[in-house]
Structures are given as C-alpha cells and as structure tokens.
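>>> I would like the atomic coordinates for the input below:
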Amino acid sequence: MHEQTAVPLADLTTMRVGGPADRVVTVTTTDELVDAVREVDDADEPLLVVSGGSNLIAPDAGFRGTVVHIATTGITRESAESCSGAMVRVAAGESWDELVALAVTEGWAGVEALSGIPGLTGATPIQNVGAYGQDVSQTIAQVRTWDRQEQSVRTFFNTGCGFTYRSSRFKGDSRYVVLDVLFQLELADLSTPVGYAALADGLGVELGARAPLGDVREAVLDQRRQRGMVLDADDHDTWSCGSFFTNPILPATEFDALVARAATVLGEEAARPPRYDEPDGRVKTSAAWLIEKAGFGRGFGLPAPAALSTKHTLALTNRGGATASDVVALARQLRDGVLDRFGVRLVNEPVLVGDQL
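Numbers count the residues shown, from 1 in each chain. So this is what the prediction gives:
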C-alpha cells in the first residue's frame, strides 16, 4: 500500500483533467483494497475509488477526501473443461486489454471484440463494457465485491448483476467495490459469432460467422485506431473517455417521432437516423449520427482546449490544457444542441465527479 498527498487527479484519468486529491492510497492486493476502503469508511471520510480512470471526469477543484487507486493483480484459471469452458478469475486492477490479449493467446473466446478498450477489469461489469457486438455480461459468471454497507464480501452471479445496455446494478451506486471478476470463456481458436456488420466486412466474413481469434483482435484494434479509440500519448484524439454519450434506446413511437423530425429538420429522406431493433420492442439509434446531424462535426470546438475528436464525433477530447469545466461545457453544448434539433436527450457515459450535465 502506497500513500501520497496532493496528487493531481488528471494524472489518474485518460481525459487528463482534475485537480489534486487530498490523499491517494494505491493498493496492490485485494486485502489492501478492502482495508483501505474500510479505513476511510470507519473514519467517515469522503471516498473516491479510481481504477484505470478511462470513464471518469474529475473536478477541477480536486477531491477533498481519500482516493483509493486500484492496482491489484492476479489472473487465475480455475478450470478449463470442454463443457464449461475456461473459468478465469481476474483481479480488479488487471489491465482489461492485456486480459483480452491473453485470452486470444490462450484460446479463450468471448472477449476478442473488446480489444483496445482502456481501463481495468474491475470497471468492466460496472458499465457492462461493450463494443463490436460483444459486451462483458455475455461472459461474466460472477462479480466479487466488498459491500461497504454490510462490511462484508458479497458475490453476485451474472443474473444478480442487473446488466443492461452500458449499465448494471453497480453503476451509480458506491455501495459495492469490485474485488475481482470470474469470466466463463469458450475454449476455441475461433471467435464467438461476429455480431457487428463493419467488423464482419473488415474480416471478410458473413455477419454471424466465426473468425480466428487473432484476426478479430487485430481487426478491432485497426478500427479503434482509425477512430482514435486506442490510447496514444502523442495523439490528442485519444485524450478522452472514449464514447462520451450512450446510444439512445427509444420506445418505437419516440423513434418514429425522431424519424419524422429528422425529415423535417434535414429535409431529406436519406437522413433517416440509424435503427437497431431491441428484443423488447424499443429501438436503439446512433448518438454519433445525432451529434453530427445537429451540426457538430469532427473536430468541432477546435482550436479550443476541449473539442470533438478529429476522427469520431462521439469522443470529447483534451487538446492540451483543457479543464474539467471545459469538457463539461462542451458536453452540455452537444447535449442541448441534439435535444433542441431532434428532441432526444443524450446521456453521458463517463462518471462526472461532483458535477452533472
């Protein structure tokens, strides 16, 4: 366990904004993680748990309390049988992308399309991380947590995690601190069925077909790099939280109203918003499409310190020297612009500490 004072939160986040925290405790074992959280709770002090910082907007004023920075390690294969697959328990502080790379090498299928996503493994169940037709709820068997209210370890099986699109029972609730995650992965050299059209096209396979795990990983990394979604210290398009807004999921009647409004506002039938039917009858549409059609193109805001990525309209980026206030102001401008033009209210995916849109 390592303790520091006056640590800039910008140094712990991929958006690179945020003032100093009074105290930062970095923990490297699960026992240290539990002890650090208990100590803060026993002292009745403010607590902020930070892992990879890839989904966090830290405030310019910093944090008046203790930040527990998770750096725990450990990947254990608990079983590997043809019927149940590979059961792999992963500490919360393990790099997510390094876990995906290991899975591809070992022949564990089910997370290969989630390559290149920044952050740590313990954060993935919180927002049900997903991309390119996969999300972690498809492979998570258990999430082991520290229950701050009951002061005990509590394990949730998949069905108890409340997984929905980019959310779970853990999101927006500080009661549970994720300690480790148990994944159930297929033993296979081929991927799970490719569920994203652009990825299938890039691989040269039919939608729903399987492809070699390594090929899927490289294809995903290539697409993410083209969109500025793979971290690169020299590329300001990657100084971000990735996709800032979730794709809206609307009742069918509201989507029909959006289609009609888009036709009126844009004056062209070709400007129909993308439609992805959900199993419950609702319709998912594209936040990136709404942002762009509302007048916010790639690079919008430049040369200001906070601007849209030059590669992808869903990423709000720090061009160097941006503050949290700059980022939030830009997010509000986008949200309000889309709401005014299309009547759809975008919802932010990153957590805004001490602020809201």
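
>>> going forward, measure contacts and count neighbours with C-alpha atoms only.
OK.

>>> Quick check: the gap between the most centrally placed residue in the chain and residue 164.
By C-alpha atoms, centre = their mean, the chain has its centre lying nearest to residue 129, at 5.1 Å. From residue 129 over to residue 164 the distance is 10 Å, taken as C-alpha to C-alpha, to the nearest Å.

>>> ok so, going back, please list all residues in contact with the residue nearest to the centre of the chain.
Taking C-alpha atoms under 8 Å, 6 or more residues apart in numbering as the contact definition, residue 129 lies against 135-136, 166.

>>> Format the CA atom coordinates belonging to the longest helix anywhere in the chain as CSV.
Secondary structure of the chain per DSSP state H: the longest helix is helix 324-342. Extracted in CSV, the C-alpha atoms of helix 324-342 (Å, rounded to 0.1, in the frame of the first residue of the first chain):
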residue,chain,number,x,y,z
ALA,A,324,-13.0,19.6,-16.4
SER,A,325,-15.2,22.7,-16.8
ASP,A,326,-14.1,23.0,-20.5
VAL,A,327,-15.1,19.3,-21.1
VAL,A,328,-18.4,19.6,-19.3
ALA,A,329,-19.3,22.8,-21.1
LEU,A,330,-18.7,21.2,-24.5
ALA,A,331,-20.7,18.1,-23.4
ARG,A,332,-23.6,20.4,-22.4
GLN,A,333,-23.4,22.2,-25.8
LEU,A,334,-23.7,18.9,-27.6
ARG,A,335,-26.4,17.5,-25.5
ASP,A,336,-28.5,20.7,-25.7
GLY,A,337,-27.9,21.0,-29.4
VAL,A,338,-29.2,17.5,-30.1
LEU,A,339,-32.1,18.0,-27.8
ASP,A,340,-33.1,21.2,-29.5
ARG,A,341,-32.8,19.8,-33.0
PHE,A,342,-34.1,16.3,-32.6
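
>>> Show me what it is packed up against.
Under the contact criterion of 3 or more C-alpha pairs under 8 Å, 6 or more residues apart in numbering; DSSP states H and E, helix 324-342 touches helix 252-266, helix 287-293, strand 306-308, strand 316-318.

>>> And for the second one, what's in contact with it?
Just to be clear, that refers to helix 287-293. 245-248, 273-274, 297-298, 312-314, 334, 337-338, 342, 346.

>>> Out of the helices and strands packed on helix 324-342, which is closest to residue 20?
In terms of C-alpha to C-alpha, the element of those nearest to residue 20 is strand 316-318, at 18.0 Å.

>>> Show me what the longest strand anywhere in the chain pairs with in its sheet, parallel or antiparallel.
If you go by DSSP state E, the chain has its longest strand at strand 176-187. When pairing is defined by DSSP bridges, strand 176-187 lines up against strand 85-91 (antiparallel), strand 108-109 (antiparallel), strand 140-147 (antiparallel).

>>> Now do the second one: everything it contacts.
Contacts with strand 108-109, where a contact means C-alpha under 8 Å, 6+ apart, come from 85-86, 103, 185-192, 213.

>>> Would you check how far apart residue 32 and residue 7 are?
20 Å.

>>> Outline the domain layout of the chain.
2-70, 75-226, 236-352 (automatic domain parsing).

>>> Reformat those as JSON lines; add mean pLDDT.
Listed next are those as JSON lines, based on pLDDT from 0 to 100:
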{"stretch": "domain 2-70", "mean pLDDT": "97"}
{"stretch": "domain 75-226", "mean pLDDT": "95"}
{"stretch": "domain 236-352", "mean pLDDT": "95"}
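
>>> Let's have the strands paired with strand 176-187 in CSV, adding distance to residue 355.
CSV is the format used below for the strands paired with strand 176-187 (distance: least, C-alpha to C-alpha, whole Å):
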stretch, distance to residue 355
strand 85-91, 30
strand 108-109, 39
strand 140-147, 25
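
>>> want to throw the ones you listed into TSV with distance to residue 226 and mean neighbour count?
Conversion of the strands paired with strand 176-187 to TSV gives the following (distance: least, C-alpha to C-alpha, whole Å; neighbours: other C-alpha atoms under 10 Å):
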stretch	distance to residue 226	mean neighbour count
strand 85-91	29	22
strand 108-109	24	26
strand 140-147	29	22
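
>>> quick one: strands adjacent to the helix or strand containing residue 23?
Assigned by DSSP states H and E, residue 23 falls within strand 20-27. Strand 20-27 pairs in its sheet with strand 2-8 (antiparallel), strand 63-70 (parallel), by DSSP bridges.

>>> what does the helix or strand just after it contact?
Sequence-wise, the next helix or strand downstream of strand 20-27 (DSSP H and E) is helix 30-42. Residues outside helix 30-42 that contact it (C-alpha under 8 Å, 6+ apart): 1, 25, 27, 46-47, 66, 68, 70, 72, 91, 146, 148, 151, 179.
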